[in-house]
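Undergrad: Let's see this in three dimensions:
(3 chains)
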Amino acid sequence: MDVRASVDSAAGAALSGQVGGPPKRRDWTPTVLLAPAVIYMTVVGFYPLVYSIYISLTDYNPAQGQLGAFIGWDNYANAVSDAQLWHSLMLMGLFTLLTVSLSLVLAILLALLFNKQLPGFLLLRTIVLIPMLVTPIAVGIIWRIMMNPGHGMLNFLLGFLGIDPQPWFGSRSAAFASVLLVDVWEWTPFLFIIILAGLRGLPTSPFEAAAIDGASSLRIFFNITLPMLRPVIIIAALLRIIDAARTYDTVFIITRGGPDFATDLASIYLQRVNFQFFNLGYGSALSWIMLLAILIVVLFFVRWSGFLGIVSEKEPA
Amino acid sequence: MQVNRRSVAIKRRINAAVAYVLALLAVAFFALPLFWIALSSVKSDADVSAYPPVWFFEPTLANFRELFVKLNAWDALLNSVFIVCISTILAMMLGTMAAYALARFSIRGKESVALQVLSIRMMPSIVSVIPLFIIARELGVFDTPWLLIVIYALNGLPFVVWVMRVFIQDVPKSIEEAAMIDGCGRYEVFLRITLPLVVPGLAAVLVIIFMFSWNEYLFASMLTSSEAKTLPVVAANAIKPKAIAWGLSSAAAVVMSLPVIILVLSAQRYLVRGLTLGAVKG
Amino acid sequence: MSIQVRGLSKRFGGYTAVRSLDFDIADGEFFVLLGPSGCGKTTTLRMIAGLDVPNDGLVRIRGRDVTYAEPRHRDIAMVFQDYGLYPNMTVFKNIEFPLKVRKVTPPERRQKVLATAERLGIADLLDRKPAKISGGQRQRVSLARALVRNPHVFLMDEPLSNLDAKLRATMRTEIKQLVANLGITTVYVTHDQVEAMSMADRIGIMSKGDMIQIGKPLDVYDNPRSRFVAQFMGSPPMNLFPLHFSSERKIECKLQPFADALPESQLTRAQDLAGSGLSFLLGVRPEHLSVVPPSTAGAVEAEIDFVEPLGQTTNLHVHSNATPFTIVAGRTSARAGQTVGVAADPAHLRVVEDDPRPA
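TA: This next block holds a predicted model:
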């Protein structure tokens, strides 16, 4: 009995903080482990954000010699009537909607295709992954070169297929479409790999039961596969939405926001305000508005997709 | 309906053939631009802007030479390597410790951490760039690698915490408890028992945050000017003028992208699990 | 004949999962494929279902060659080990699915689903989703979905493995009665010999891809053809002792009194096996041994090693002549260390082929 008691108290002391045991000494372990990260995030992450809010309430503009006099909500008020801002936010929203929808559809189709265990598919699958690894700046370079109207690879290929050469950045709609194409090319693999993993993780017996019940492939896809994949698709889409809204690098390289502001996404407009015109006070305010816009988009998506329903569905009866 | 072995075999062959055709089309779509840029990077100036495009030519390393000599790409490469390696290690260390704490101990406000991590993700970089720009100038760390190291580590932290927490939770508590009864202290258990068991997760997370830091452009371009430029910044500069230098920028694209591609492809096995755990389980 | 299997084989790469099976299943019969994991019973079931395509051989259902036909054209229904329910559909929609696929009209569908649900006692669960009901209830939904189509053949792949012991016992009887009432031919796969004994009309025991013995449960139990079957059926398993003919054609065994008590029919069997150059064993089930005073005629003298009182019965682990074996007796005051006599009921002494297949 004595031995057992002393083992109990030793284990109890070691585990205290987790299991209620004998002498409850304050276990500093979780604090020690968590503190560095928390302190780091507060100092390097949180503090600048607070500072940013402050700046947004000033007229700080080093280019014009204004050194940050407090002007309250003026920046935000001006933002409301900034047509350029709303234009760029709208473009951001449209861009996000289109690129995520298109790449989602493509990714699902690819996942279904590459789910087959045919020889060589592993290698092909690996190659398909590469676009999302390439530095976005490099992606911009690649496509800008390929889309050159006169000398580009793309128009050459189209000519090969008998299609007229396209003015990839010539017109406003063409430029927007081009930028969309590039983003879809770059990020479909990301969605693809997540959805493929989800597909692989599905139980096989419902599908075998469906085969026995006599369902056609189409019916199986829409009534069984897709609903079972819904949680994975929604989470993948959410991640992609958050990133697509903040797209900057590729668009910057390819069109710089033009022609005629046709591809002037919010991130590009903000970059211009802050680091070309150095209107940092105003720019800070705009950046918070952009964050708010993203938040709204995300909340809207969460609501529409039933994201919260998924989380609660995972709870057992 | 009479079905025999031959018809089943034929049907299988046709399905496979169709699958291969579609797969090759997909690969062509995703790989062609990459192939083309690799090709372009070893073309001479004349070849690179020739139209119709040339497929057979004399390869030359002139572009790479020009890249490293004229544009100081070598310095940029070293900067990238230094900055990204250190910041990745920093993020991994801080993040894994925090992940362990969150996974094993009941801490007040644990659930809100998950939400906070998600909201940090939503933040456009520009929100932090501005204040950091100002602060960095005042502190005198503008255009130093340390600034970027600190920022990249911060960017990677939430992801490390998010994913490693899931991996650590997968390690049964009973193994750790057995070790503690055998005489290990808490930290020993973390280092000698838990960490070795989550190596796949560590590998996956490390590669992913390495990639995101390596490819980062906005912070790097705004917070450096001559000393601490990273590769993406230097490459973007090659495009500044209206007429872009095709060969040069192709070479830049290749140099920028190769390290990550090699790194990721070699750690591929671990990656799928890491990414999906971050997405699905989290 | 409801189902006929001829020369059925399946290989996965270099590994043979099922080797040339031949058997028939009669209309309305409850046929159990029994065996340890890896014996090929599930693969066989899947080939009957059409989920796997055989390398050789054929499968006939109701006289029609369905070897390469798709599952949906075989008029079969299947219950899976993990139930195979459609997770995003309600119980009602799950049961309704096979009918929907066959383009049955909505009112008729509804009526059939409700009737089947009633019969299986899950009518109050129709609006719930599989994740929100218990394992036993999921089991019934799975059965309902299989039943609603009134198929010609019922296939079940270890449907009770994921249930706890008590539930398993109740479901055993329920399934058997259900299927018997409807008269549906059933092929049932399990590794649990108790399930097989209690439910089967006939049992087919498999090991490592081969069909070892087919017969009615009590037949297989009483007359195992080989060591594998003898040890697989019954708990504790049949006692087996090496047996051989001496140079003078006398039957010899370490427990000689038992060998001497072998009936004529078994001796003949031993002679046949010896003639074919096969080795054999003397088998007697623990419950057919009894404890008697040590010096009783025809009894073996043994020392008790270990006593397991199980309430209704007692397992006595004894050894004699350096050979350990087990006796199942009623309540007894026997203790470890005692020397007792063990008598065998001659009618239940068997000669069993020494098939070197591990159980």
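
Undergrad: Could you chop the chain up by domain?
TA: I'll assume chain A. Listed domain ranges for chain A are A:2-56, A:82-313 (source: automatic domain parsing).

Undergrad: could you do chain C instead?
TA: The record's domain parsing of chain C by automatic domain parsing lists C:3-227, C:236-353.

Undergrad: Deepest-packed of the ones you listed, please.
TA: Each of the domains of chain C was scored by mean neighbour count; the highest is domain C:3-227, a mean of 19, by mean count of other C-beta atoms under 10 Å in any protein chain shown. Every residue, glycine included, has its C-beta placed from N, CA and C.

Undergrad: What segments of the stretch 101-250 of chain C are helices?
TA: With DSSP state H, counting those that start in this stretch, the ranges of helices along the stretch 101-250 of chain C come out as C:106-119, C:135-147, C:165-182, C:193-199, C:217-222, C:227-232.

Undergrad: Can you add distance to residue B:130 and give those back as TSV?
TA: Listed next are the helices of the stretch 101-250 of chain C as TSV, based on distance: least, C-beta to C-beta, whole Å:
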stretch	distance to residue B:130
helix C:106-119	62
helix C:135-147	56
helix C:165-182	64
helix C:193-199	71
helix C:217-222	81
helix C:227-232	76
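
Undergrad: okay if I get those helices as a markdown table plus distance to residue B:191 and mean pLDDT?
TA: As requested, these are exported to a markdown table (distance: least, C-beta to C-beta, whole Å; pLDDT from 0 to 100):
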| stretch | distance to residue B:191 | mean pLDDT |
| --- | --- | --- |
| helix C:106-119 | 56 | 93 |
| helix C:135-147 | 41 | 92 |
| helix C:165-182 | 43 | 90 |
| helix C:193-199 | 49 | 93 |
| helix C:217-222 | 58 | 94 |
| helix C:227-232 | 49 | 91 |
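
Undergrad: closest one to chain B among those helices?
TA: Closest to chain B of those is helix C:135-147 (C-beta to the nearest C-beta; 22.5 Å).

Undergrad: Show the secondary-structure elements that the closest one is packed against.
TA: Helix C:135-147 sits against strand C:76-79, helix C:91-101, helix C:106-119, helix C:165-182, with contacts defined as 3 or more C-beta pairs under 8 Å, 6 or more residues apart in numbering or on different chains; DSSP states H and E.

Undergrad: Figure out which of the ones you listed is closest to residue B:27.
TA: helix C:91-101 (35.5 Å; C-beta to C-beta).

Undergrad: That closest one - contacts with which helices or strands?
TA: helix A:205-213, helix C:106-119, helix C:135-147.

Undergrad: now could you export just the CA positions of the longest one as PDB?
TA: What it means is helix C:106-119. These are the backbone C-alpha positions of helix C:106-119, laid out as PDB (Å, rounded to 0.1, in the frame of the first residue of the first chain):
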ATOM      1  CA  PRO C 106     -42.500   8.000 -54.700                       C
ATOM      2  CA  PRO C 107     -45.700   6.700 -53.100                       C
ATOM      3  CA  GLU C 108     -44.700   3.100 -53.500                       C
ATOM      4  CA  ARG C 109     -41.200   3.900 -52.200                       C
ATOM      5  CA  ARG C 110     -42.600   5.600 -49.200                       C
ATOM      6  CA  GLN C 111     -44.900   2.700 -48.400                       C
ATOM      7  CA  LYS C 112     -42.100   0.100 -48.800                       C
ATOM      8  CA  VAL C 113     -39.700   2.100 -46.700                       C
ATOM      9  CA  LEU C 114     -42.200   2.500 -43.900                       C
ATOM     10  CA  ALA C 115     -43.100  -1.100 -43.900                       C
ATOM     11  CA  THR C 116     -39.500  -2.300 -43.800                       C
ATOM     12  CA  ALA C 117     -38.600   0.200 -41.100                       C
ATOM     13  CA  GLU C 118     -41.600  -1.000 -39.000                       C
ATOM     14  CA  ARG C 119     -40.500  -4.600 -39.400                       C
END
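
Undergrad: Distance from the chain centre to it, please.
TA: From the chain centre to the centre of helix C:106-119 is a distance of 33 Å (C-alpha atoms, centre = their mean, to the nearest Å).

Undergrad: The shortest one too?
TA: Mean-position distance between helix A:205-213 and its chain equals 35 Å (C-alpha atoms, centre = their mean).

Undergrad: Show residues contacting it.
TA: Helix A:205-213 has contacts (C-beta atoms under 8 Å, 6 or more residues apart in numbering or on different chains) with A:219-220, A:224-225, A:228, C:49-51, C:70-72, C:76-78, C:80-87, C:97-98, C:101, C:145, C:149.

Undergrad: Please enumerate the strands of the stretch 151-300 of chain A.
TA: Assigned by DSSP state E, counting those that start in this stretch, the stretch 151-300 of chain A shows no strands.

Undergrad: Quick check: residues of it near chain C?
TA: By C-beta under 8 Å from any C-beta of the partner chain, the residues of the stretch 151-300 of chain A that approach chain C are A:203, A:205-206, A:208-216, A:219, A:223-224, A:227-228, A:230.

Undergrad: what stretches of the chain score poorly on pLDDT?
TA: Answering for chain A, as no chain was given. A:1-26, A:307-317 (pLDDT under 70).

Undergrad: that's the wrong chain, I meant chain B
TA: By pLDDT under 70, the low-scoring segments of chain B are B:1-3, B:71, B:107-115, B:117-118, B:240-243, B:269-282.

Undergrad: domains of it?
TA: According to automatic domain parsing, chain B comprises the domains B:5-41, B:72-281.

Undergrad: of the ones you listed, which approaches residue A:76 most closely?
TA: When the domains of chain B are compared (using C-beta to C-beta), the closest one is domain B:72-281, at 14.4 Å.

Undergrad: Which strands and helices lie in contact with the helix or strand residue A:126 falls within?
TA: Residue A:126 belongs to helix A:121-129 when elements are defined using DSSP states H and E. Applying 3+ C-beta pairs under 8 Å, 6+ apart, one finds that helix A:121-129 makes contact with helix A:83-114, helix A:172-200, helix B:5-41.

Undergrad: can you tell me which residues contact the closest residue to residue C:217 other than its chain neighbours?
TA: Take residue C:217 and drop its neighbours on the chain: the residue closest to it by C-beta to C-beta, 6 or more residues apart in numbering or on different chains is residue C:197, 4.7 Å away. When contacts are counted by C-beta under 8 Å, 6+ apart, residue C:197 is found next to C:203, C:217, C:221, C:233.

Undergrad: likewise residue C:45?
TA: Taking C-beta under 8 Å, 6+ apart as the test, what residue C:45 contacts is C:33, C:155, C:157, C:187, C:189.

Undergrad: Equivalent analysis for residue B:192, please.
TA: So residue B:192 contacts B:179, B:184 (C-beta under 8 Å, 6+ apart).

Undergrad: Kindly recompute the last result at 7 Å.
TA: The neighbourhood of residue B:192, defined by C-beta atoms under 7 Å, 6 or more residues apart in numbering or on different chains, consists of residue B:184.
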